[in-house]
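Novice: predicted model, plus sequence, below.
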Amino acid sequence: MATAAQWIQGARLRTLPAAIAPVLIGSAAAYELQAFRLPNAILAALVALLLQIGVNYANDYSDGIRGTDEDRVGPLRLVGSGAAKPEQVKWAAFALFGAAMVCGLILVIITQTWWLILVGIGCVLAAWGYTGGKNPYGYMGLGDVFVFVFFGLVATLGTTYTQAGQVSLAAVIGAIGTGLIACALLMANNVRDIPTDTAAGKRTLAVRLGDRHARESYVLMLAVAILLVIVLAPTKPWMLIVLLLIPACLMPAWLMVNGKKRKSLIPVLKQTGLINLGYSLLFSLGLILSRGF
């Protein structure tokens, strides 16, 4: 029986900034449109957080029963380490997906945006299909697409839309930016796991690109995400404060390019998560200040 501490480790709390970042940006975009609604933002945050933890447990279960995590370098995996039974982890994931759907349904009822029910179902199916089922798309190198679409575009623009009833260019730029940083986080994780994933037949994008190009793609994604705010600068000069994040990106970028040992990449996961959180805070602050001037 896994302890409470092990369940918390299995939840992979370091990935949670990737869930909260798009909600912050989407809410700030709604504020700029003079349509911020706190209850809607809270519900959107609950949906994102519950889905993220659910995905983590689902991945733990699916990779564990396939043997992908047997020689894994990094945080504890409940199934792979034998700390918890596979069925326990699977039902924990399902419970979190169910809770996310309840919060999402409440948000749909409040906003009367009934078509978002289909989006919610798509999110849950995509979350499970990442490493679950007979043909998991995460094993085919498509996991990065899922992360960009759902933890970037859908989460950010969905948050804005459920508050403002529309989206803006700033929301789109923010969605792309946080989506790219979330992909960079996934890339860092998968570069670390290239040897074990290759042995297990898990063809992630990092495996397909190869070690060197996968590391370079991490730096490219961070650079594009941060520099993209320049598009908004002509009408919203305060958005340039996002560029203050550049120094924080230097160390993880250096580690990604030069870190030879797999364990040396573990700190990059935490640093990239914090970069995503910092990006969302600075992006949101830029939008709030832009509305005031």
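Specialist: Right, received. Where do you want to start?

Novice: quote the end-to-end distance of stretch 119-137.
Specialist: Stretch 119-137 has its terminal residues 18 Å apart, counting by C-alpha to C-alpha, to the nearest Å.

Novice: neighbouring contacts of that stretch?
Specialist: 47, 51, 54-55, 58-59, 61-63, 66, 93, 97, 100-101, 104-105, 108, 138-139, 143, 145-146, 149-150, 154, 158 (C-beta atoms under 8 Å, 6 or more residues apart in numbering). Heads up, the C-betas are built off the backbone N, CA and C, glycines and all.

Novice: stretch 56-68 now?
Specialist: In contact with stretch 56-68 (C-beta under 8 Å, 6+ apart) are residues 10-12, 15, 69, 77-80, 86, 89-90, 92-93, 96-97, 127-128, 130-132, 136, 138, 196-197, 200, 202.

Novice: circling back: so how do I select the buried members of the contacts of stretch 119-137 in PyMOL?
Specialist: Burial among the contacts of stretch 119-137 is assessed by 16 or more other C-beta atoms under 10 Å; the matching PyMOL selection reads:
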select buried, resi 47+51+54+55+58+59+61+62+63+66+93+97+100+101+104+108+138+139+143+146+149+150+154+158
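
Novice: out of the contacts of stretch 119-137, which sit inside helices?
Specialist: The helices, defined by DSSP state H, take in 47, 51, 54-55, 58-59, 61-63, 66, 93, 97, 100-101, 104-105, 108, 143, 145-146, 158 from those.

Novice: just to check, residue 190 is in contact with residue 214?
Specialist: Yes: between residue 190 and residue 214 there is a contact at 7.1 Å, judged by C-beta atoms under 8 Å.

Novice: identify the contacts common to the two.
Specialist: In contact with both residue 190 and residue 214: 205-207, using C-beta under 8 Å, 6+ apart.

Novice: what about those, which one has the most neighbours?
Specialist: Sorting those by how many neighbours each has (other C-beta atoms under 10 Å) puts residue 206 first, at 28 neighbours.

Novice: how distant is the helix or strand hosting it from the center of its chain?
Specialist: When elements are assigned from DSSP states H and E, residue 206 belongs to helix 205-209. From the chain centre to the centre of helix 205-209 is a distance of 19 Å (C-alpha atoms, centre = their mean, to the nearest Å).

Novice: buried ones in the helix or strand that it is followed by?
Specialist: Next helix or strand after helix 205-209 toward the C-terminus (DSSP H and E): helix 211-227. Buried residues in helix 211-227, defined by neighbour count with 16+ other C-beta under 10 Å: 214-219, 221-222, 225-226.

Novice: circling back to that earlier point, from the contact counts, what lies against the helix holding residue 206?
Specialist: Helix 205-209 sits against helix 169-192, helix 194-200, helix 211-227, with contacts defined as 3 or more C-beta pairs under 8 Å, 6 or more residues apart in numbering; DSSP states H and E.

Novice: can you name every helix or strand that the lowest-mean-pLDDT helix or strand in the chain contacts?
Specialist: Least confident element among the helices and strands of the chain, by mean pLDDT, DSSP states H and E: helix 194-200 (a mean of 83). If contacts are counted by 3+ C-beta pairs under 8 Å, 6+ apart, helix 194-200 sits against helix 205-209.

Novice: quick one: contacts for the residue nearest to residue 190 when sequence neighbours are not counted?
Specialist: Excluding its sequence neighbours, the residue lying closest to residue 190 (C-beta to C-beta, 6 or more residues apart in numbering) is residue 206, at 3.7 Å. Taking C-beta under 8 Å, 6+ apart, we find residue 206 in contact with 187, 190-191, 193-194, 197, 214.

Novice: kindly report the same for residue 145.
Specialist: residue 137.

Novice: for residue 125, see how far away it is.
Specialist: Per C-beta to C-beta, to the nearest Å, residue 145 is found 14 Å from residue 125.

Novice: now do residue 191
Specialist: On the measure of C-beta to C-beta, residue 191 and residue 125 end up 27 Å apart.

Novice: more neighbours: the two, which one.
Specialist: Between residue 191 and residue 125, counted using other C-beta under 10 Å, residue 191 has the larger neighbour count: 26 against 13.

Novice: isn't the more buried one up against residue 218?
Specialist: Yes: counting by C-beta under 8 Å, residue 191 touches residue 218, with 7.2 Å between them.

Novice: find the residues that touch each one of the two.
Specialist: In contact with both residue 191 and residue 218: residue 256, using C-beta under 8 Å, 6+ apart.

Novice: the nearest residue to residue 278 once chain neighbours are set aside - how many residues pack around it?
Specialist: Of all residues beyond its chain neighbours, the one nearest residue 278 is residue 245 (5.4 Å), with distances taken as C-beta to C-beta, 6+ apart. Neighbourhood size, residue 245 [other C-beta under 10 Å]: 20.
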